[in-house]
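Undergrad: Okay, predicted coordinates and the sequence, questions at the end:
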Amino acid sequence: MEYIIDKEYSDVRLDKFLRKKLPNMALTEIFKAIRVGKIKVNGKKSKENYRLQENDVVKLFFEVKVEEKESKLKSINLKNSDIDKIKESIVYEDERVLIYNKDSNVVMHKGSGHDYGVSEIIKEYLKNPNFNFVNRIDKATSGLVIGAKSLVVTRELAEEIRERRVDKKYYILVDGIVKKRDFIIKSYLKKIDDRVIELDKKEDGAKESISYFKVLDYGDNCTLLEGRLGSGRTHQLRVQLSAMGHYILGDTRYGKGKEKKMYLFSHYLKIDKYDIEIKLPLPKEYRARLSK
């Protein structure tokens, strides 16, 4: 069997390409096949970290079982109501990018008791197995997530995010009255089991985290903030705000879960590389909660 590399897989490592094409073959076996020459690139032995180029020929000198061929996208039966909801939640789409407004309490990906998430639903809706979300937000968080329609765009957007060239902002309702109108939280976050803790000093496993906040409005013993990430750590906004004594309303992990939802909404993003800027209004339930 042989594969001719197209633009989708250009600059992808050989081992990662083979993992996708041979999902049921152990990575150690893939490495061994490359090492002994049972997998060659352009007729020559290669290294697992070789980055493929367009029109390269990857040839396998062994039989590939049917079940080891690249798995097809598992079908999800979308109802008309599901399609209507998807269309309503897509806030931007072109030939490269799709921006989706995710509801709270909806998972991004399958797993942990969920047969599918937003990612699998959009793949089915687009009939595009190469679609990927390049950023993710917690199940309880709502708002904008960025999807790429090809592997090339996935890599481009991933680099933009990694280099902090994508601007993202959040509407946040927190418990209590925050007195500082503008403030910065700079601390170290460390993951321990299924939780993240905040530290004042760096230690093994802790990563520097910085967030920027400003007060937008006040309600009855609650404050509406706009938050912007200076780094992208797990549960960053949730942990830092809770540690300062103003947990996000509805945050059952780092606060008190008296609300039906968590009031953390990704409302703004800007991707200069693709000339995309989106700003969603404050959700009506946030305004209603402020008015209580």
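TA: Arrived safely.
Undergrad: Grab the longest helix from this protein for me.
TA: helix 151-162 (DSSP state H).
Undergrad: What is that one packed up against?
TA: Judged by 3 or more Cβ pairs under 8 Å, 6 or more residues apart in numbering; DSSP states H and E, the packing partners of helix 151-162 are strand 142-148. Bear in mind the C-beta positions are built from the backbone N, C-alpha and C, glycine included.
Undergrad: So what's the model's average confidence on the longest helix of the chain?
TA: Taken as a whole, helix 151-162 carries a mean pLDDT of 92.
Undergrad: Next, the angle strand 142-148 makes with whatever helix or strand comes next after that helix.
TA: Downstream of helix 151-162, the next assigned helix or strand under DSSP states H and E is strand 166-175. Angle between the axes of strand 166-175 and strand 142-148 is 160 degrees (criterion: axes from the mean of the first three to the mean of the last three Cα atoms, to 10 degrees).
Undergrad: ok, residues contacting strand 166-175?
TA: 135, 143-144, 146, 157, 160, 213, 216, 219, 221-229, 237, 241, 246-249, 255-256, 263-271, 282-283, 286, 289-290 (Cβ atoms under 8 Å, 6 or more residues apart in numbering).
Undergrad: Quickly list the domain ranges of the protein.
TA: 2-68, 80-162, 166-290 (automatic domain parsing).
Undergrad: that older thread, which positions within the longest helix of the chain qualify as buried?
TA: For helix 151-162, burial by neighbour count (16 or more other Cβ atoms under 10 Å) applies to 151-157, 160-161.
Undergrad: would TSV of those with distance to residue 105 be doable?
TA: As requested, the buried residues of helix 151-162 are exported to TSV (distance: Cβ to Cβ, whole Å):
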residue	distance to residue 105
151	30
152	33
153	28
154	26
155	31
156	31
157	26
160	28
161	24
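Undergrad: Kindly indicate which of those residues lies nearest residue 54.
TA: Set against residue 54, the nearest of those by Cβ to Cβ is residue 152 (10.5 Å).
Undergrad: what sits against the closest one?
TA: Contacts of residue 152 by Cβ under 8 Å, 6+ apart are 7-8, 10.
Undergrad: Distance-wise, check it relative to residue 274.
TA: Counting by Cβ to Cβ, to the nearest Å, the gap from residue 152 to residue 274 is 13 Å.
Undergrad: give the contact list for the residue in the chain sticking out farthest from the centre.
TA: Distance from the C-alpha centroid of the chain peaks at residue 43, with 37.5 Å (Cα atoms, centre = their mean). Residues near residue 43 by Cβ under 8 Å, 6+ apart: 57, 59.
Undergrad: try 7 Å this time
TA: Listed by Cβ atoms under 7 Å, 6 or more residues apart in numbering, the contact set of residue 43 is empty.
Undergrad: Show the backbone phi and psi for it.
TA: When read as degrees, to the nearest 10, the backbone of residue 43 gives phi 80, psi 10.
Undergrad: Pull up the gap between it and residue 25, please.
TA: Distance, residue 43 to residue 25, using Cβ to Cβ: 22 Å.
Undergrad: List the buried residues for stretch 88-100?
TA: Neighbour counts using 16+ other Cβ under 10 Å place 89, 92, 97-100 of stretch 88-100 among the buried residues.
Undergrad: Pull the most distant pair out of those.
TA: Pairwise distances across the buried residues of stretch 88-100 (Cβ to Cβ) peak at 14.9 Å, for the pair 89 and 97.
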